[in-house]
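K.L.:
Sharing a sequence plus its predicted fold:
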Amino acid sequence: MDQCLATLVEPYRRRALRVRGVEIWRSNRNERLSYDALNRRSDSLARGLARIGVVKGVRVAVSLGNNIEYATATYALFKLGAILVPLNPAFNTAQVVAALTHLDASHLIISTETNLPRKSPRRNEALLRDILPGIESSKLESELVPSLKEVVVVDNSSGRVGISAWKAIRKYQQVLMDGESETVLPSQTLCPDDVINIQFTSGTTSMPKAACLTHASILNNGNSIGDRMLLTPQDIVCCPPPLFHCFGCILGYMATATHGSSIVFPAEAFDAAATLKAVQEEKCTALYGVPTMFVAELELLQNGTISPEGFQSLRTGIAAGSSIPAELMRKLHRVLNLTELSG
């Protein structure tokens with residue numbers, strides 16, 4: 001196998017050195033990072049996470065929306081050889097506990113609020129208190145999840161959720177800053193066949209199963225998708241599908257990372273208007289979605305909520321998740337210029 005497609009870490013570092021001036025990661029908060037900046041930030045986070053016990057092989061659950069923190073955490077964990085366990089941020093306490101205990105997860109990265117499509121944000125304070133009844137004490141203990149050693153909280157609530165008294169948890173920004181004070185990333189021996197991602201299946205036909213993905217499988221899958229879409233460093237991919245799902249994390253930022261393309265996260269959770277505006281403002285060349293997402297976007301264009309102008313830059317994308325009706329595909333070709341759309 002080509003060494004460039006062996007593990008996710010070294011090819012990414014080489015990409016960062018080659019295109020350090022290109023803005024790659026864009027989020028709904030208008031924060032922009034180049035490959036080089038994301039590489040350095042994920043190094044800092046990796047060092048900070050290593051200080052709180054994240055080492056090769058440990059399972060780290062991540063319950064976040066589509067944001068820069070998620071992208072940074074993903075590469076930080078991959079660099080440490082830890083195993084990323086993406087959780088649907090809409091999970092309730094029972095679902096989070098079931099996932100954590102099933103995999104003996106030792107660390108959890110979670111946001112103070114969960115943004116949901118077409119709903120007000122859900123505060124995660126009750127969920128965290130269920131898992132950590134003594135969240136205001138200085139020692140982290142969880143009877144529901146005995147394997148849990150550390151919880152890192154991303155404060156995305158704009159002050160709506162007070163976390164200053166939560167002494168049992170770590171603040172994401174502090175973990176990041178702690179890593180910035182060091183210069184050496186803990187050395188890890190990474191192999192192509194190392195499991196670095198455990199994805200829970202949807203459970204449509206039975207109970208969700210934990211599917212193990214390796215460096216090689218993720219990287220080569222993303223590379224193949226990018227090849228199929230003819231992605232280049234000039235492409236800008238708008239990615240509203242969630243990063244906790246393979247659609248977002250592999251077809252999204254693995255396909256773009258292997259080809260040096262930009263990626264845009266319009267919002268932490270799907271928002272049809274934000275998605276269309278992101279395409280217009282960033283002049284995106286690709287758009288991802290499932291049929292219901294595309295239907296919602298087309299409705300906003302049809303009723304005049306969003307101007308039909310500004311989509312001429314689009315050429316390609318992916319429509320997946322369920323079968324695509326022929327009429328919907330024709331509308332996507334005609335209205336959004338997605339003439340090279342893959343289904």
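P.N.:
Good, I have the coordinates. Numbers count the residues shown, from 1 in each chain.

K.L.:
contacts, neighbours, all on C-alpha from now
P.N.:
Will do.

K.L.:
can you list the weak-confidence ranges in the stretch 1-150 of the chain?
P.N.:
For the stretch 1-150 of the chain, residues meeting the criterion pLDDT under 70 lie at 1-29.

K.L.:
The same query, at a cut-off of 80, please.
P.N.:
Applying pLDDT under 80 to the stretch 1-150 of the chain flags residues 1-30.

K.L.:
Spell out the residue ranges of the strands in it.
P.N.:
23-26, 32-34, 59-63, 83-86, 107-111, 113-114, 122-123, 150-154 (DSSP state E, counting those that start in this stretch).

K.L.:
Those strands: which one's closest to residue 307?
P.N.:
Closest to residue 307 of those is strand 23-26 (CA to CA; 22.3 Å).

K.L.:
Check whether the closest residue to residue 250 other than its chain neighbours sits in a helix, strand or coil.
P.N.:
Nearest residue to residue 250, sequence neighbours excluded (CA to CA, 6 or more residues apart in numbering): residue 222, at 5.4 Å. Put simply, residue 222 is helix when judged by DSSP: H, G, I helix; E, B strand; the rest coil.

K.L.:
wait, residue 222 sits on residue 258?
P.N.:
Yes - here residue 222 lies in contact with residue 258, judged by CA atoms under 8 Å, at a distance of 6.9 Å.

K.L.:
mind checking how far residue 144 is from residue 133?
P.N.:
Computed as CA to CA, to the nearest Å, the residue 144 to residue 133 distance reads 10 Å.

K.L.:
Also residue 160?
P.N.:
Distance check for residue 160 against residue 133: by CA to CA, it reads 21 Å.

K.L.:
ok, now residue 90?
P.N.:
For residue 90, the distance to residue 133 equals 21 Å [CA to CA].

K.L.:
Okay, helices next: where are they in the stretch 201-343 of the chain?
P.N.:
Using DSSP state H, counting those that start in this stretch, the helices of the stretch 201-343 of the chain run over residues 215-229, 246-249, 253-259, 272-282, 291-302, 326-336.

K.L.:
any chance of those helices in CSV, with mean neighbour count, mean pLDDT and distance to residue 46 too?
P.N.:
Converted to CSV, those look like this (neighbours: other CA atoms under 10 Å; pLDDT from 0 to 100; distance: least, CA to CA, whole Å):
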stretch, mean neighbour count, mean pLDDT, distance to residue 46
helix 215-229, 20, 90, 17
helix 246-249, 21, 90, 19
helix 253-259, 25, 88, 19
helix 272-282, 19, 95, 30
helix 291-302, 16, 96, 34
helix 326-336, 15, 93, 40
